[in-house]
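**Student:** Just to be clear, the model below is a prediction. Sequence and coordinates:
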Amino acid sequence: MIAAAPLAYLGRQTLALLALTGQVSLFTAQGLSHIFRPPFYGREFLVALLQIGWLSLPVVGLTAFFTGGALALQIYDGSTRFSAEAVVPQIVAIGMVRELGPVLGGLMIAARVTSSIAAEIATMKVTEQIDALVTLSTHPMKYLTAPRVLAALLVVPALVGVGDVIGVFGGFIVSTQQLGFNPSTYIHNTVDFLEVRDVLSSLAKGCAFGGIAATMGCYFGMNSGRGAQGVGQATKGSVQAAAVLILAANFLLTSLFFGT
């Protein structure tokens, strides 16, 4: 019996994970279906656009800028060992656009937006505001989930695109001001090296990451426990789940776009 205890625990955790996966999948499908069915709450959608998009721009932009600068320094230091300093513009561009820009942007959205959505909806559940919506014949999924998910699907790719540009610009500033690169040559090498596929993959990742971030915030908020502890657990769980799913989705999308 004692020897079987670890196996029993592993089995329970596996079943719990499978159950959670099924619940999240059904919640996601239900949330997406409400986007295409009336009524549409325009005010909630516009507020979500502002909160997810415009208010997230400073943190995404600063993260991308300093990441691009640090990446330029790292690539330059490593390439000097092989006398290949000229590849810095190309590697910074492909590193930011394909991977670092979308992933770091998605993680910043998870840290800022997912936690905010989960805490807001969990608080509404604790204070019985969601029950009040049902009493007023307003579907909580349509009023709370659909506008936020739609806003994230639309605005996060734009944030990722802006972050890519700012990240490449950060590498440009460091390379031209500190590493001695010629500005026109740096820009020329960057533009010539990037392909349409690189940009499209970045925007596709942004769309997927935005959907994941908003959906996880809504799911954990809707399914939070009662009281302040339930709100805290929902917020923590939403960010953890969003971060892990974003990294997993990044691997799958990278394999899809660039796998051999």
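**Tutor:** Thanks, I have the structure now.

**Student:** And the helices in this protein?
**Tutor:** Remark: helices assigned in the chain by DSSP state H are 5-35, 42-52, 57-79, 88-94, 101-109, 115-126, 129-135, 140, 146-177, 183-193, 196-222, 227-258.

**Student:** The last one versus helix 5-35: what angle between them?
**Tutor:** It refers to helix 227-258. Angle, helix 227-258 to helix 5-35, by axes from the mean of the first three to the mean of the last three CA atoms, to 10 degrees: 80 degrees.

**Student:** Can you give me the buried ones in helix 227-258?
**Tutor:** 230-231, 233-235, 237-239, 241-243, 245-246, 249-250, 253-254 (16 or more other CB atoms under 10 Å). (Each C-beta comes from the backbone N, C-alpha and C, glycine too.)

**Student:** Torsion angles phi and psi at F40?
**Tutor:** With angles defined as degrees, to the nearest 10, F40 sits at phi -110, psi 120.

**Student:** Could you give the number of residues near it?
**Tutor:** Here the count is done by other CB atoms under 10 Å, and F40 has 14 residues near it.

**Student:** Find me the pLDDT at it, would you?
**Tutor:** With respect to pLDDT, F40 has a value of 84.

**Student:** Roughly how far does the nearest residue to D198 once chain neighbours are set aside sit from N182?
**Tutor:** Distances taken as CB to CB, 6 or more residues apart in numbering place V97 nearest to D198, at 4.9 Å, with adjacent residues excluded. Using CB to CB, to the nearest Å, V97 is found at 22 Å from N182.

**Student:** just the helices of the chain: most buried one?
**Tutor:** The highest mean neighbour count among the helices of the chain, using mean count of other CB atoms under 10 Å, belongs to helix 101-109: a mean of 26.

**Student:** So V97 and N182 - more neighbours on which side?
**Tutor:** When neighbours are counted by other CB under 10 Å, V97 comes out ahead of the other of V97 and N182, with 26 against 11.

**Student:** Quick check, that one in contact with V196.
**Tutor:** No: taking contacts as CB atoms under 8 Å, V97 lies outside contact range of V196: 11.0 Å.

**Student:** Show me the common contact partners of these two, please.
**Tutor:** The contact sets of V97 and V196 do not overlap (CB atoms under 8 Å, 6 or more residues apart in numbering).

**Student:** ok, G227 - contacts?
**Tutor:** V126 are the contacts of G227 under CB under 8 Å, 6+ apart.

**Student:** For it, report the pLDDT, please.
**Tutor:** Note for G227: predicted pLDDT of 77.

**Student:** and what of the one 4 residues further on?
**Tutor:** Taken from the predicted model, the pLDDT recorded for V231 is 86.

**Student:** what stretches of this protein score poorly on pLDDT?
**Tutor:** 1-4, 260 (pLDDT under 70).

**Student:** Which residue lies nearest the spatial centre of it?
**Tutor:** G106 (2.4 Å; CA atoms, centre = their mean).
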